[in-house]
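Asks: generate coordinates for the sequence data below:
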Amino acid sequence: MAENEAPPLVDQLCFDLYAASRAVTAAYRPVLAELGLTYPQYLVLIVLWERESCTVRDIADTLRLDHGTLTPLLRRMEGAGLVARHRDHNDERFVVISLAEKGSALRAHANRIHCDMKDALALNEQEFSDLQLTLRTLTTRVS
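Replies: Here you go, the predicted model:
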């Protein structure tokens, strides 16, 4: 390959990551659609199931989303009765997001969704663990 030529698509790691991400997200789509959720909404709920409530900034940092993407998502989730938004009592500059009853009730489906997706990947426990470690290392290195 000449120095000024781009490597073919088959040799591009960026494409493999993109294709894998789209495939995994697509695998979640029908399961989440049954619950009336999008994939980003599901990720927000996972954060809240772990913490009960947190600031918009905490959610943005955890999910690596910018404020401009997250705010409309949270507004839609509030409108759907999944979360509640209110100003922090200690510092009104911050908006706190907490689970609403409907969002909390969906937690009952979390383990099934997780197990179904692990099964869909068809990886054994070691392969799954190795893949997570590789992806986390890659994310850390390029962040």
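Asks: next one: phi and psi at Thr55?
Replies: Dihedral pair for Thr55: phi -80, psi 160, per degrees, to the nearest 10.
Asks: which residues touch the residue nearest to the spatial centre of the chain?
Replies: Nearest to the geometric centre of the chain sits Leu43, at 3.6 Å (C-alpha atoms, centre = their mean). Residues counted as contacts of Leu43 (C-beta atoms under 8 Å, 6 or more residues apart in numbering) are Leu63. The way it works is simple: take the backbone N, C-alpha and C, and place the C-beta from them, glycine included.
Asks: which strand or helix spans it?
Replies: helix 39-51 (DSSP states H and E).
Asks: buried residues in that helix?
Replies: 40-46, 48 (16 or more other C-beta atoms under 10 Å).
Asks: now do stretch 55-70
Replies: In stretch 55-70, counting by 16+ other C-beta under 10 Å, buried: 56, 59-60, 63, 65, 70.
Asks: same question for stretch 127-139.
Replies: Neighbour counts over stretch 127-139 (16+ other C-beta under 10 Å) mark no residue as buried.
Asks: mean confidence score for that stretch?
Replies: Stretch 127-139 comes out with an average pLDDT of 95.
Asks: then stretch 94-102?
Replies: 95.
Asks: so what would you say the end-to-end distance of that stretch is?
Replies: 23 Å (C-alpha to C-alpha, to the nearest Å).
Asks: buried stuff in it?
Replies: So for stretch 94-102, counting by 16+ other C-beta under 10 Å, buried means 96-97, 99-100.
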